[in-house]
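**Student:** Build me a model from this:
(2 chains)
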Amino acid sequence: MSQAAAQRLEAFLERVPYVRFLGMRAELAGDEMTAILPFAPHLIGNVALPALHGGVIGAFMEMTALAQLSVIAPSPKVHKTIDITIEYLRPGKAQVIYARADVRKIGRQIANVHVEAWQDHRDKPAAALRGHFLLSGT
Amino acid sequence: MTISPETLIEAARRMVEAVPQAAALGFKLLSVEPGKGSILTPWREDLVGDPDTGVIAGGVVTALLDHCCGLAITSRSLEGGFLSTATLDLRIDYMRPAAPRADVTATAHCYKLTRSIAFVRAHAFDADPDDPIATAQGAFVLKRAQP
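**Tutor:** Model (predicted):
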């Protein structure tokens, strides 16, 4: 894994313009990836609170799943989202948010991925996502 | 209290164009009526999800659908001393990728509003409303102004 995995992850983050629009980064510790979305003013969805846009948190978790899949299911093409279910547990505060993806099942065609996003405490998630992804050919 | 169409459009325009994330994605208000809303997001190079095809990112569609649901709820609940919405859950099915370099339009319908929860359906399309790229179903919490 290690070196090649890190390169695949870096390639994914570099290649996708929308990842740069969000300002998302990711770090690998062995085979465990943590995605990081530093706070930026353009991510705000509620100025009064202020809070991150729900769609941003959803999109961040979706990109986290795709980034994790780019590491464990390498492909020259981007994998495609089939469906996602997002649960919002706490308001996303105007600060950095983290996410980790758990690939529950990876088949020949389809992967099932769970993602959890948190801010101050790992055990107090801000949101969760479950999704199915269509794997592009290798 | 009845809300005039002008007040409704003004509130909708603020919601679609003045929210920082909505402005960053270039959202444009297409239409609004009580319980329904429609928003366009223009294709942009930096919003692409698949650099091989130039198709707009799924994440943009997610944010658009979420925001459009919020618009549909707001347009229906303005009369009730309503303050803001927070997404409880949102399920999105992606039928197919948008066409390369295509703008995406979302329409949402808030079909049930209780004192505390709004239920909404939405879909997104590029050219033909009857050929959606994604559909969404969500539940939102209503936060009302204190009396």
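**Student:** Which residues outside whichever strand in chain B runs longest are in contact with it?
**Tutor:** When chain B is parsed with DSSP state E, its longest strand is strand B:82-94. Strand B:82-94 is contacted from outside by A:46, A:48, A:54, A:58, A:80-88, A:91, B:58, B:61-62, B:65-66, B:69-70, B:73-74, B:117-118, B:133-145, using Cβ atoms under 8 Å, 6 or more residues apart in numbering or on different chains. Glycine gets a C-beta too; all of them are placed from N, C-alpha and C.
**Student:** ok, now stretch A:92-101?
**Tutor:** Outside stretch A:92-101, the residues that touch it by Cβ under 8 Å, 6+ apart are A:32-39, A:44, A:49-54, A:56-57, A:60-61, A:64-65, A:67-69, A:113-119, A:122, A:126-127.
**Student:** Contacts only, for B:Ile56.
**Tutor:** For B:Ile56, the contact set (Cβ under 8 Å, 6+ apart) comprises A:18, B:41, B:43, B:47-49, B:98, B:102, B:104.
**Student:** ok, 10 Å please
**Tutor:** By Cβ atoms under 10 Å, 6 or more residues apart in numbering or on different chains, the residues touching B:Ile56 are A:17-18, B:41-44, B:47-50, B:64, B:97-104, B:124, B:126, B:133.
**Student:** Please name the nearest non-neighbouring residue to residue 52.
**Tutor:** Since you didn't name a chain, this refers to chain A. Once flanking residues are discounted, A:Leu52 sits nearest to A:Gly92: 3.3 Å by Cβ to Cβ, 6 or more residues apart in numbering or on different chains.
**Student:** nope, chain B
**Tutor:** A:Lys77 (6.4 Å).
**Student:** How is the one you found assigned, secondary-structure-wise?
**Tutor:** Three-state call for A:Lys77 (DSSP: H, G, I helix; E, B strand; the rest coil): coil.
**Student:** Report the contact partners of it.
**Tutor:** Residues in contact with A:Lys77 (Cβ under 10 Å, 6+ apart) are A:135-138, B:50, B:52-53.
**Student:** For those, pick the one with the most neighbours.
**Tutor:** Using other Cβ atoms under 10 Å in any protein chain shown as the neighbour test, the contacts of A:Lys77 are led by B:Asp50, with 21 neighbours.
**Student:** if I look at that one, how far off is chain A?
**Tutor:** According to Cβ to the nearest Cβ, to the nearest Å, B:Asp50 and chain A sit 5 Å apart.
**Student:** List the contacts of that residue.
**Tutor:** A:15-18, A:77-80, A:136, B:56-58, B:97, B:100.
**Student:** Closest one of these to B:His109?
**Tutor:** Closest approach to B:His109 among the contacts of B:Asp50 (Cβ to Cβ): B:Gly58, at 21.7 Å.
**Student:** wait, that closest one sits on A:Ile84?
**Tutor:** Yes - in this structure, B:Gly58 is within contact of A:Ile84 by Cβ atoms under 10 Å, at 8.2 Å.
**Student:** buried stuff in the helix or strand containing A:Arg20?
**Tutor:** If you go by DSSP states H and E, A:Arg20 is part of helix A:17-22. By 16 or more other Cβ atoms under 10 Å in any protein chain shown, the buried positions in helix A:17-22 come out as A:17-19, A:21-22.
**Student:** which residues in the chain form strands?
**Tutor:** Here I'm looking at chain A. Using DSSP E, strands in chain A cover A:25-29, A:32-37, A:44-46, A:51-52, A:80-88, A:97-106, A:110-118, A:125-134.
**Student:** wrong one, I was asking about chain B
**Tutor:** Taking DSSP E as the criterion, chain B carries its strands at B:28-33, B:36-41, B:48-50, B:55-56, B:82-94, B:104-113, B:117-125, B:134-144.
**Student:** Pick the most buried one from those strands.
**Tutor:** Among the strands of chain B, strand B:55-56 has the highest mean neighbour count (mean count of other Cβ atoms under 10 Å in any protein chain shown), at a mean of 27.
**Student:** Okay, now the sheet partners of that strand, with direction.
**Tutor:** Strand pairing for strand B:55-56, determined by DSSP bridges: strand B:48-50 (antiparallel).
**Student:** Nearest residue to the middle of the chain?
**Tutor:** No chain was given, so I picked chain A. Geometric centre of chain A, nearest residue: A:Thr64, 1.5 Å, by Cα atoms, centre = their mean.
**Student:** not what I meant, chain B
**Tutor:** For chain B, B:Cys68 is the residue whose C-alpha lies nearest the centre (Cα atoms, centre = their mean; 0.9 Å).
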